[in-house]
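**Student:** Would you be able to build a 3D model of this:
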Amino acid sequence: MPRAICAVIYAGGMTHGSVRLALPSEASAIAAVQRRCWTQLLSPAVSQRALADVDLEAMAASWHDAITRPPLATLRVLVALDSSDPGRHRVVGFAAVGPADDPDAAPDVDGVVAEFSIDPLAQRQGHGSRLLQASMDTLRADGFTRATWWVNATDDDLRGFLAGSGWAADGAHREVGTEDGETRVKIVRLHTDISPQ
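**Tutor:** Got it, this is the predicted structure:
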């Protein structure tokens, strides 16, 4: 399958949404969505600390670099767009996909969804489904046949969404947290077969 598949726009009929590769000019919008998602997904204390530690400008610069100078050719940033306002395409979500770097990952086989966020104000409008499909097609176009995704063990909404799309836990789990050890979160790895049908 040609790599050009990444440029395909995933459009959704009546929902006024699409997905495509991110543009450098969208780095600030991606960072803003990420910050809004932190307030939804993290506890108030953790999200306030995270938002205080990293400002929007620094986050936007990191996303700009990921879009324009990815460390690997197969690391891609996708955006979900809402086009309900005529002539305007607003970033309402993003994903970062590429090769998995887990110690047990098989090179050229295992891809990973490293980041995936839909703006809290734009959820349940089809943007997540389109972004997920585009992410899997992008990984497949880059030659990966299995996708992995580390998710918060207590995020029942995301796990349910992924289970409905054919994802399942593969038994791997770990804890991540702040450097001072104050906050610890258990995450589990999900996987799905994305080999060409």
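
**Student:** Which residue ranges of the protein form helices?
**Tutor:** For the chain, the helices defined by DSSP state H cover 27-41, 44-53, 56-68, 127-141, 156-163.

**Student:** what packs against the shortest one?
**Tutor:** Contacting helix 156-163 under the criterion 3 or more CB pairs under 8 Å, 6 or more residues apart in numbering; DSSP states H and E are the following elements: strand 146-152, strand 184-193. Using the backbone N, CA and C atoms, a C-beta is placed for each residue, glycine as well.

**Student:** again, only using 7 Å
**Tutor:** strand 146-152 (3 or more CB pairs under 7 Å, 6 or more residues apart in numbering; DSSP states H and E).

**Student:** and the residue most central in space within the chain, what are its bridge partners?
**Tutor:** By CA atoms, centre = their mean, the chain has its centre lying nearest to residue 116, at 1.9 Å. On the basis of DSSP bridges, residue 116 is bridged to residue 95.

**Student:** and it, how far is that from residue 103?
**Tutor:** Separation of residue 116 from residue 103 (CB to CB, to the nearest Å): 22 Å.

**Student:** And for residue 81?
**Tutor:** For residue 81, the distance to residue 103 - CB to CB - is 36 Å.

**Student:** The residue nearest to the centre of the chain reaches residue 95, doesn't it?
**Tutor:** Yes. Using CB atoms under 7 Å, residue 116 is in contact with residue 95, at 4.6 Å.

**Student:** list the residues that contact both of the two?
**Tutor:** Residues touching both residue 116 and residue 95 by CB atoms under 7 Å, 6 or more residues apart in numbering: residue 131.

**Student:** which one of residue 81 and residue 103 has more residues nearby?
**Tutor:** For residue 81 versus residue 103, neighbours defined as other CB atoms under 10 Å are more numerous around residue 81 (25 against 6).

**Student:** Hmm, residue 22 and the more buried one touching each other?
**Tutor:** No. Assessed by CB under 7 Å, residue 81 is found out of contact with residue 22, at 10.0 Å.

**Student:** For residue 150, which non-adjacent residue is closest in space?
**Tutor:** Of all residues not flanking residue 150 in the chain, residue 187 sits nearest, at 4.8 Å (CB to CB, 6 or more residues apart in numbering).

**Student:** That neighbour - how many residues pack around it?
**Tutor:** Neighbour count of residue 187, defined by other CB under 10 Å: 17.

**Student:** Spit out the contact partners of it.
**Tutor:** For residue 187, the contact set (CB under 7 Å, 6+ apart) comprises 150, 151, 152, 153, 173, 174, 176.

**Student:** So the third one is in contact with residue 185, correct?
**Tutor:** So that's residue 152. Yes. Here residue 152 lies in contact with residue 185, judged by CB under 7 Å, at a distance of 5.9 Å.
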